[in-house]
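Trainee: Next comes the sequence, and after it the predicted model I'd like to discuss.
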Amino acid sequence: MNIDLMLKDPLWGAAAVQSVKEISLSYRDEIVECERRGLFPKEAFREMGRRGLLGVVTPTAFGGYGGDAPEYCLTTEAMARYNLVSSQIQIQGQRWLVDWGTDEQKQKYLPGLVAGTLVFSESISERGAASSLKQLKATGRRDGDDWIINAEKIHINLGKESDVSLVYAMAEEGLTAFLVDTHLPGIRREHSNPLGGRLMPTADMYFEDVRIPGSAVLGEPGKGFATFLSTFNVSRLGNASELLGAAQRALADATAYARERQVGTNHVTDFQGIQWILADSYGLLYSASLVRDRAANLVAAGKEHAFEATLAKKVAIDAAEKVINDVFALVGGHGLYHEQPYGQILFDIKTLRIGGGSLEVLRNYVAQQLLKSPDLRGL
Ligand SMILES: Cc1cc2nc3c(=O)[nH]c(=O)nc-3n(C[C@H](O)[C@H](O)[C@H](O)COP(=O)(O)OP(=O)(O)OC[C@H]3O[C@@H](n4cnc5c(N)ncnc54)[C@H](O)[C@@H]3O)c2cc1C
């Protein structure tokens, strides 16, 4: 639902959404099987790379499209809308590299991440510390020119499939981000089995005395908070877009079913109570899209956007949770089977409610910003 995204080229946007639809159709068997088994659909992902969907914000010099937050939002939303694997973390990795990487790091990783021949993961969460980066127990210790990494990370999307992971660990200088090649000795990866986001399987990752070169630090030692904070507002817009896409899919599929389904002499959509659900759900998605679009346009214009991006994810969660709850009224018992998408979409939405800034953390931030403002930001 692109209402107000200011794309560099709307024709490119239409072609990108069309590509998402086509890949989703051609790789349907792989996607259905991977979703059932909690596996990563590698072939579909590679095709997304070939068709330019993984490098939308990376500069053309590295093979990307050179877009910005509007292009990122449009494509991540379409991937959720048409049930294709998410590009969100892959793009997040590229943004980190573009903003903070050395020339050597950019050359080493960006072309492969754009093409999908390299897969990225971000290793932040730990058993004892998730919403709080200050509590991380992972360590990075200098040894001559090298670093030695010790860490136990959990919930890592594509932890097992990724070729490079951005590992957040404590160094003597403070929180530091390390680009770790995940095929190095000392790294063990075990799939976990999440209810939501099943096309992006999670893993527990164990790093035991992993030796990496000095050149693997992203940014500077001790500047981990800066690298983290620099991308997380925009990644929230990616999450918001996925939430909106998932809820749109549920509403569109459920309405198509309800239009055809006869109950007595009526179709389900003849009932006024059902029509109200459709009107309310569409209204919620439309409003949340507008908030997301405005935040994305602010990013592209180089303007302050932290409040708007946080609000965008918050209202997208509110909208998506209400919509997915209500669509069960449209589909009745038919919707309560594994073969139908609704249960999976419900879990996908619950996962996005937690990962990358949980609803509670977002609400804390929005409320704090409002209370800092004498007129409650124009209220
Ligand atoms: C499927 C999945 C994929 C994930 N992928 C990744 C990944 O790729 N990389 C990665 O590093 N991590 C990943 N995560 C981890 C995710 O980022 C964390 O789950 C998230 O940060 C929340 O941490 P937690 O689950 O430990 O909750 P906790 O930090 O234990 O919080 C528990 C509850 O308390 C709430 N809460 C926390 N602080 C406050 C507060 N101040 N006020 C009010 N409520 C609060 C939270 O919102 C949450 O509901 C993933 C998680 C899941 C489930």
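Mentor: All right, it came through fine. This is a predicted model, so every value here is computed, not measured. Residues are numbered from 1 along each chain as shown.
Trainee: I figured Leu346 hits Ile324, correct?
Mentor: Yes - in this structure, Leu346 is within contact of Ile324 by C-beta atoms under 8 Å, at 5.0 Å. Heads up, the C-betas are built off the backbone N, CA and C, glycines and all.
Trainee: which one of those two has more residues nearby?
Mentor: Taking other C-beta atoms under 10 Å, Leu346 and Ile324 do not tie; Ile324 has more neighbours (25 against 21).
Trainee: Contact partners for that one?
Mentor: 246-247, 250, 342, 345-346, 349 (C-beta atoms under 8 Å, 6 or more residues apart in numbering).
Trainee: What is the nearest of those to Leu54?
Mentor: Of all these, Leu54 sits closest to Ala246, with 19.6 Å by C-beta to C-beta.
Trainee: Tell me the residues of the stretch 151-300 of the chain that contact the ligand?
Mentor: Counting by C-beta under 6 Å from any ligand atom, the residues of the stretch 151-300 of the chain close to the ligand are 155-157, 194, 196-197, 202.
Trainee: Determine which two of those are furthest apart.
Mentor: Going by C-beta to C-beta, the pair spanning these furthest: Ile156 and Gly196, at 14.8 Å.
Trainee: more neighbours, the two?
Mentor: It is Ile156, of Ile156 and Gly196, that has more neighbours when counted by other C-beta under 10 Å, with 25 against 19.
Trainee: Just grab the bridge partners of the more buried one for me.
Mentor: Ala203 (DSSP bridges).
Trainee: Just the pLDDT for it.
Mentor: Predicted confidence (pLDDT) for Ile156: 97.
Trainee: So it versus Gly224, what's the distance?
Mentor: Look at Ile156 and Gly224: by C-beta to C-beta, to the nearest Å, they are 17 Å apart.
Trainee: The stretch 1-150 of the chain: helices as residue ranges?
Mentor: Under the criterion DSSP state H, counting those that start in this stretch, helices of the stretch 1-150 of the chain are mapped to 10-26, 28-37, 42-50, 69-81, 88-100, 103-115.
Trainee: just so I know, which of those lies nearest Ala300?
Mentor: Proximity to Ala300 (C-beta to C-beta) singles out helix 69-81 among the helices of the stretch 1-150 of the chain, at 5.4 Å.
Trainee: Report the inter-axis angle for that closest one versus helix 42-50.
Mentor: 150 degrees (axes from the mean of the first three to the mean of the last three C-alpha atoms, to 10 degrees).
Trainee: other SSEs contacting helix 69-81?
Mentor: In this structure, helix 69-81 packs against helix 10-26, helix 88-100, helix 224-260, helix 272-300, with contacts taken as 3 or more C-beta pairs under 8 Å, 6 or more residues apart in numbering; DSSP states H and E.
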